[in-house]
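Student: model the structure of this input:
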Amino acid sequence: MPKITALIPQSRRPQTYNLFLDGNYAFSLSLDLIIKLKLSSGQILSPVQLNDLLYQVYFEKLWRLALNYLSFRPRSSFEVRRKLENYLFQSSFGYSEKIDSATLVSALITKLQTHQFLDDFKFTLWFLENRLNFKLKSRRELTQELIQKGIDQALINQALSQLHYNETEILKRLLAKKINHYSSSRQLLNYLLRRGFNLDIIRQTAPFLFD
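Tutor: The predicted structure follows:
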């Protein structure tokens, strides 16, 4: 069983310590975690204790990573989960293979949601408002973008409804903006179809394109 042979504070981060097992550097952890788990030099760790320590250390590191990731802009749960999983996969920490990463990441996601750092519906509203303020997007385009971010279709529909999204009005504004950019009705029609607008909505809004 491994033995803690040293707990040395880092020079640049005195609240963070380097932990050595059997004379070899193992990983770093916070002073708070050392106090919480009552760790000390000379302590022998059973396999259960070591696994619990690794879980706590990873949880702490991933929690800080998640909060930093969320500090730049809102994220979906899927985006955060992918970020954390990629970190674990690429980690040079040395012990990631001993951790049940799925359980760890799920626990972190749950904690983030409980503390309201993650809310997929609020994220969806923010995303849609941001898109619609700057771009004229069809319902299909918006839906595809959000599905790629792990948002459920029902949640997308709910958010679009709350924002009173009107695809016909969006299409009218886009037509006014693009109508002089194309030399033929066929080219403009194909452009609108590529942008994800439904053929029936185009026909109702711009029947002249079908003359």
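Student: show residues contacting the helix or strand where Ile202 lies.
Tutor: In the assignment (DSSP states H and E), Ile202 maps to helix 199-205. Identification of contacts with helix 199-205 by C-beta atoms under 8 Å, 6 or more residues apart in numbering yields Glu167, Thr168, Leu171, Lys172, Leu175, Leu189, Leu192, Leu193, Leu209, Phe210. Just so you know, the C-beta spots here come from the backbone N, C-alpha and C atoms, and that holds for glycine as well.
Student: now the one residue sitting closest to the centre of the chain, nearest residue through space, not along the chain?
Tutor: Residue closest to the mean C-alpha point of the chain, counted by C-alpha atoms, centre = their mean, is Glu79 at 2.2 Å. Take Glu79 and drop its neighbours on the chain: the residue closest to it by C-beta to C-beta, 6 or more residues apart in numbering is Lys149, 5.9 Å away.
Student: got phi/psi on that neighbour?
Tutor: The phi and psi values for Lys149, taken as degrees, to the nearest 10, are phi -100, psi 10.
Student: show me where this structure dips below the pLDDT cut-off.
Tutor: Applying pLDDT under 70 to the chain flags the ranges 91-98.
Student: now do the helices in it.
Tutor: 31-37, 47-70, 77-90, 101-114, 120-134, 139-148, 153-162, 167-178, 185-194, 199-205 (DSSP state H).
Student: how about stretch 129-145: buried residues?
Tutor: By neighbour count on 16 or more other C-beta atoms under 10 Å, the buried set for stretch 129-145 is Leu136, Lys137, Ser138, Arg139, Glu141, Leu142, Thr143.
Student: for the nearest residue to the fourth one once chain neighbours are set aside, what are its contacts?
Tutor: Spatially, and ignoring its direct neighbours in sequence, Arg139 is nearest to Glu167 (5.1 Å; C-beta to C-beta, 6+ apart). Taking C-beta under 8 Å, 6+ apart as the definition of contact, the neighbours of Glu167 are Ser138, Arg139, Phe197, Asn198, Ile201.
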